[in-house]
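Engineer: model this:
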Amino acid sequence: MRPFRHRRLTAVVALATMLLTAAPPTAASAGDKPDRRAGYHRVGYFTQWGIYGRAFPVKKLDTSGAASRLTHVNYAFGNVSEDGRCYVDGGPGEGDAWADYQRPVPSEESVDGVADAPGQALNGNFGQLAKLKAKHRDLKVLISLGGWSWSTYFSNAARTDASRKAFVASCIDLYLKGNLPGGDGAAGGPGAAAGVFDGIDLDWEWPNWAGEPGNVIRPQDRENFTKLLAEFRRQLDAYGRTTRAHYALTAFLPANPATMDAGYEGRKIFKYLDFATVQGYDFHGGWDAVTNQQSALRVPAGAPDNPDFSAEVAIDGWIARGAPRDKLVLGIPYYGRGWTGVTGGGNGLFQPATGPAPATFEPGYEDYKQLKTLAGNGYTVHRDLRSGHAWLFDGTTFWTYDDPAVVLQKTLYIRRAGLAGAMIWSLDGDDDNATLTKTIGAGLTTW
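Structural biologist: Numbers count the residues shown, from 1 in each chain. Predicted coordinates for the structure are as follows:
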């Protein structure tokens, strides 16, 4: 079986390389000998809530082989208070301190096989991330702030020089210095999480642009985002001089060119960022009336929307606005978007649908590990090799997703375009063998 699998992978690599080479050059694909770069970032988001319904503890990053293929783990998420501070709160909708650092992790879920002891200062996901770093010495862990649900008050935090200084100081105190609420015999306390996090990822969705309903939005967000990055860089460097460490600063950036223009000062922001991850998914979904791609490398022929979104459109958009290609990390989804009640026949693409497809946790959203089981079980896999996307269709229900072949094609695009690497949302969507993460690792190995 092994020689056959090797020949099959070689054929896929050769085909993907041919397709990328044959593609018309764009701003992103015009890099000068990008394969000679020293290495690629491989950034995976670990979700705070993944330990529950998805039964995905930190330990799985080790046992699956994912951790050895990653350079960074972004912990999702840290919250921002109305008065502009980083904070941890166990209140409903405000946070989950239990998952973060209070939950005593049993031996069977522990990275090193040792259960958390009663009364120790650091338990939960934070404690397990510390153990993961001890086992994988080159792995960096960042706290990601905001996300779709917790970007409500970023604008307040970034509004003035004083608010920016106070916000950044609170984040460094909480996450880098590790001064967690608690102590006195309970989990937490001064310095409890010191050394867990190696930097900060800003996931503000979005400056001066609508995200979740209720988000505070101001026209000044665009320039204030740049000022906020400058303040983070200043304070992170100052703290790093006391610990003799470099603390990374990264940001998650949108795929929509209109959002880029409304909320970001293009070239300026990259002066302060180590790198930025770019949204490479959610281009379409069950909110649309017709089936479509959610993460295609290029806009497919016959797409009903013009202009439309794609990974290449997003990357080219940032490069056109002054982003250095070697600071752009392309986001890759470990989930699919689906529709049901599809009519019109054919292979199901660009056809009317009645609504989001039924799924495990959220209508219209399903993890890769579940979608992979559908192929051959009533569903047919379809591919558009030129556009770099795949989908499943059973005559009624349609799922657009990234499988290993699509992921590999994207890694080759990353190499050819001279980008900085790949980002994953989110690690708990992969199967128990970390198939997609291993594919990224193989595709971004420096030859």
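Engineer: helices of the protein, residue ranges please.
Structural biologist: Assigned helices in the chain, in chain order: 2-22, 59-63, 97, 124-135, 154-158, 161-171, 221-243, 257-263, 311-320, 368-371, 404-417, 435-443 (criterion: DSSP state H).
Engineer: need the nearest residue in space to residue 74, chain neighbours excluded.
Structural biologist: Setting aside the residues directly before and after it, residue 74 is nearest to residue 144 in space (Cβ to Cβ, 6 or more residues apart in numbering), at 4.4 Å. All C-beta atoms are positioned from the backbone trio N, CA, C, and that covers glycine.
Engineer: how close does residue 137 sit to residue 71?
Structural biologist: 12 Å (Cβ to Cβ, to the nearest Å).
Engineer: again, but for residue 57
Structural biologist: 21 Å.
Engineer: more neighbours: which of the two?
Structural biologist: With neighbours defined as other Cβ atoms under 10 Å, residue 57 and residue 71 compare such that residue 57 has more, 22 against 17.
Engineer: ok, the residue nearest to residue 74 to residue 214 distance?
Structural biologist: As judged by Cβ to Cβ, residue 144 and residue 214 stand 20 Å apart.
Engineer: more neighbours: which of these two?
Structural biologist: Using other Cβ under 10 Å, the more surrounded residue of residue 144 and residue 214 is residue 144, with 25 against 8.
Engineer: run through the bridge partners of that one.
Structural biologist: residue 76, residue 201 (DSSP bridges).
Engineer: does it really touch residue 45, like I thought?
Structural biologist: Yes: if you go by Cβ atoms under 8 Å, residue 144 and residue 45 touch, sitting 6.8 Å apart.
Engineer: common neighbours of these two, please.
Structural biologist: Taking Cβ atoms under 8 Å, 6 or more residues apart in numbering as the contact rule, residue 144 and residue 45 both touch 74, 75, 76.
Engineer: now the buried members of those.
Structural biologist: 74, 75, 76 (16 or more other Cβ atoms under 10 Å).
Engineer: tabulate those (JSON lines), appending pLDDT and distance to residue 336.
Structural biologist: As requested, these are exported to JSON lines (pLDDT from 0 to 100; distance: Cβ to Cβ, whole Å):
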{"residue": "74", "pLDDT": "99", "distance to residue 336": "21"}
{"residue": "75", "pLDDT": "98", "distance to residue 336": "24"}
{"residue": "76", "pLDDT": "98", "distance to residue 336": "19"}
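Engineer: distance to residue 338 added to the residues you listed, as TSV?
Structural biologist: TSV is the format used below for those (distance: Cβ to Cβ, whole Å):
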residue	distance to residue 338
74	26
75	28
76	23
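Engineer: of the helices of the chain, which approaches residue 49 most closely?
Structural biologist: helix 124-135 (10.0 Å; Cβ to Cβ).
Engineer: buried residues in the closest one?
Structural biologist: For helix 124-135, by 16+ other Cβ under 10 Å, it's 124, 125, 126, 127, 128, 129, 130, 131, 132, 133.
Engineer: model confidence for residue 91, exactly?
Structural biologist: Looking at residue 91, its pLDDT is 80.
Engineer: now stretch 237-248: mean pLDDT?
Structural biologist: Here the average pLDDT along stretch 237-248 is 98.
Engineer: distance between the ends of it?
Structural biologist: 9 Å (Cα to Cα, to the nearest Å).
Engineer: quick one: contacts of it?
Structural biologist: Residues outside stretch 237-248 that contact it (Cβ under 8 Å, 6+ apart): 72, 140, 142, 172, 176, 177, 198, 199, 200, 236, 274.
Engineer: residue 335: which of those residues is nearest?
Structural biologist: residue 72 (19.7 Å).
Engineer: so what sits opposite the closest residue in space to that closest one that isn't next to it in sequence in the bridge?
Structural biologist: Closest residue to residue 72 apart from its sequence neighbours, by Cβ to Cβ, 6+ apart: residue 43 at 4.3 Å. Beta-bridge partners of residue 43, counted by DSSP bridges, are residue 72, residue 423.
Engineer: surely residue 43 and residue 422 touch.
Structural biologist: Yes: assessed by Cβ under 8 Å, residue 43 is found in contact with residue 422 at 7.2 Å.
Engineer: list the residues that contact both of the two?
Structural biologist: Common contacts of residue 43 and residue 422, defined by Cβ under 8 Å, 6+ apart, comprise residue 329.
Engineer: quick one on the thing from earlier: the contacts of stretch 237-248 in strands, which ones?
Structural biologist: 72, 140, 142, 199, 200 (DSSP state E).
Engineer: give me the low-pLDDT residue ranges for the stretch 1-150 of the chain?
Structural biologist: 1-38 (pLDDT under 70).
Engineer: go with 50
Structural biologist: Where the stretch 1-150 of the chain drops to pLDDT under 50, the residues are 1-25, 27-37.
Engineer: OK, contacts around the residue nearest to residue 72?
Structural biologist: Taking Cβ under 8 Å, 6+ apart, we find residue 43 in contact with 70, 71, 72, 73, 74, 250, 277, 329, 421, 422, 423, 424.
Engineer: repeat the analysis, applying 10 Å as the threshold.
Structural biologist: Listed by Cβ atoms under 10 Å, 6 or more residues apart in numbering, the contact set of residue 43 reads 70-74, 140, 142, 144, 201, 250, 252, 275, 277, 329, 331-332, 420-425, 440.
Engineer: before we move on, what about residue 261?
Structural biologist: With Cβ under 10 Å, 6+ apart, residue 261 has these contacts: 208, 209, 222, 317, 321.
Engineer: same check, this time on residue 291
Structural biologist: 284-285, 304, 337-340, 342, 344, 347-353, 357, 391, 393, 397-400.
Engineer: among the residues you listed, which ones are buried?
Structural biologist: Buried among these (16+ other Cβ under 10 Å): 284-285, 337-340, 342, 348-351, 353, 357, 391, 393, 397-400.
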